[in-house]
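K.L.:
sequence first, predicted model second:
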Amino acid sequence: MRYRKLGKTGLEVSEIGFGAEWMERKPADEVQAVVDACTQAGINVLDCWMAEPAVRSNLGKAIAGNRDRWIIQGHIGSTWQNGQYVRTRDLDLAQSAFEDLLARLGTDHVEVGMIHYVDDLNEFEQIMNGPFFAYVRDLKESGAIGHIGLSTHRPDVAQAAARSGKIEVIMFSVNPAFDLLPATTSLETAFAFDYDDALEGMDPVRAEFYALCEREGVGLTVMKGYAGGRLFNAEASPFGVALTPIQCIHYALTRPAAASILAGFDTPEHVADAVRYETANDAQKDYATVLAHAPKHAYYGQCTYCGHCAPCPSGIDIAMANKLYDLATVQGEAPASVKAHYDVLDATAADCIACQACEPRCPFGVPIAERMEKIAKLLG
């Protein structure tokens, strides 16, 4: 298992994480089996947003004895009322639910306290400027949470959180289908894949959000990486082709700032399916060729950092150079941090000899030699 830094938190998380939502309605022995499979695979990050008491208790029992190896994202504002899950900003209810989470997980703290499911900019502002955030800040000061996070499906809210200077980790929906959706799309309509009759390329608000996280050192954990499994089925996928778990994972982990994809596991076999990513070869990770040959796709002319352009006779890491260029251009000017990463590359865009040997290998028809000129001018 490979591990990545989670923003500026100082935490190192497994790049494959455990999104435990499928543990609801599971008996304790099946929860234990999935947790054991995660432990054996080296997975060390667990997200628990579920409010249902039994699933919390079963997870607590499953991690008992090795709690210290787990980095837990525990959600604040996810409650259980009258036998069902309710998202709330009522402080009394949120506080009671969070205390219940700690008790049932058998711990006195979680590493990341997630402000749960904020999908409206007005609500975000109200939370950040009101008693709810004051409560979350108090939790951090008391040690009940180590770092402050926020979960959202909306890139405009995610951008606001990344800019706030108060949110250290953002849990966000990332997959190639969602990246094409406009920023105003809600969770309720996202799975309809409503693209206004056409796929028109990555939403610029999403691209800017990834760049913001990279620039500001905000940790990014990924949810909905499989789009609820719809990307595994050609008929359900908006691209008209099926992707594999490995391809979906690779797409998510090649986004700037992404530290861990919190995959939903139903069985130990699902854990194994995801963990195969750690030993997968380039062909197995290749989402780009699949999308490029799909009946419908929207990435033509855009670099998705897939790396098919390699090898370069000048030794340029073309995908990384493109990623740094994109990080710089969405911010108006090239930040010093981006330039510093660019300067330490073994070869830079200035070393491009414009042979264009890479261009026939690009699945999306990116004019790479032309891009190298632009990169050298901006970052050289």
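P.N.:
Looks like it arrived, so ask away. Numbers count the residues shown, from 1 in each chain.
K.L.:
quick one: low-confidence residue ranges for this structure.
P.N.:
Along the chain, the parts satisfying pLDDT under 70 run over 187-189, 191, 195-200, 296-300, 330-332, 363.
K.L.:
run through the strands of the chain in chain order.
P.N.:
Assignment of strands within the chain using DSSP state E yields the ranges 3-5, 12-14, 16-19, 45-48, 71-76, 78-81, 84-87, 110-115, 145-152, 169-173, 219-223, 258-264.
K.L.:
same list (the ones you listed) but as CSV, adding distance to Lys323.
P.N.:
The way it works is simple: take the backbone N, C-alpha and C, and place the C-beta from them, glycine included. Written out in CSV, the entries for the strands of the chain read as follows (distance: least, C-beta to C-beta, whole Å):
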stretch, distance to Lys323
strand 3-5, 15
strand 12-14, 20
strand 16-19, 21
strand 45-48, 24
strand 71-76, 26
strand 78-81, 34
strand 84-87, 35
strand 110-115, 26
strand 145-152, 23
strand 169-173, 18
strand 219-223, 14
strand 258-264, 12
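K.L.:
give me the most central residue, this protein.
P.N.:
In the chain, the centroid-proximal residue (C-alpha atoms, centre = their mean) is Val222; its distance is 2.2 Å.
K.L.:
Phe172 is in contact with that residue, correct?
P.N.:
Yes - taking contacts as C-beta atoms under 8 Å, Val222 lies within contact range of Phe172: 6.7 Å.
K.L.:
residue contacts, the residue nearest to the centre of the chain?
P.N.:
Applying C-beta atoms under 8 Å, 6 or more residues apart in numbering, one finds that Val222 lies in contact with 171-174, 252-253, 255, 258, 260-262.
K.L.:
just Ala20 next, same as before
P.N.:
Neighbouring residues of Ala20 by C-beta under 8 Å, 6+ apart: 46-48, 50, 55, 59, 265.
K.L.:
returning to that earlier point: quick check on the contacts of Val222: which are buried?
P.N.:
With burial judged by 16 or more other C-beta atoms under 10 Å, the buried subset of the contacts of Val222 is 171-174, 252-253, 255, 258, 260-262.
K.L.:
would you mind giving those as a markdown table with distance to Gly240 added?
P.N.:
Conversion of the buried ones among the contacts of Val222 to a markdown table gives the following (distance: C-beta to C-beta, whole Å):
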| residue | distance to Gly240 |
| --- | --- |
| Met171 | 29 |
| Phe172 | 25 |
| Ser173 | 21 |
| Val174 | 21 |
| Ala252 | 21 |
| Leu253 | 24 |
| Arg255 | 23 |
| Ala258 | 26 |
| Ser260 | 29 |
| Ile261 | 24 |
| Leu262 | 27 |
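K.L.:
how near is Ile246 to Ala283?
P.N.:
When C-beta to C-beta, to the nearest Å is applied, the distance between Ile246 and Ala283 equals 10 Å.
K.L.:
so for the two, which sits in the more crowded spot?
P.N.:
Taking Ile246 and Ala283 together and counting by other C-beta atoms under 10 Å, Ile246 has the greater number of neighbours (21 against 7).
K.L.:
surely that one and Arg276 touch.
P.N.:
Yes - the pair formed by Ile246 and Arg276 meets the contact definition of C-beta under 8 Å, at 6.1 Å.
K.L.:
between those two, which contacts overlap?
P.N.:
Both Ile246 and Arg276 are contacted by Gln284, under the criterion C-beta under 8 Å, 6+ apart.
K.L.:
burial measure for Val55, as a count.
P.N.:
Val55 - counted by other C-beta under 10 Å - has 21 other residues nearby.
K.L.:
likewise Leu180?
P.N.:
By the criterion of other C-beta under 10 Å, Leu180 has 22 neighbours.
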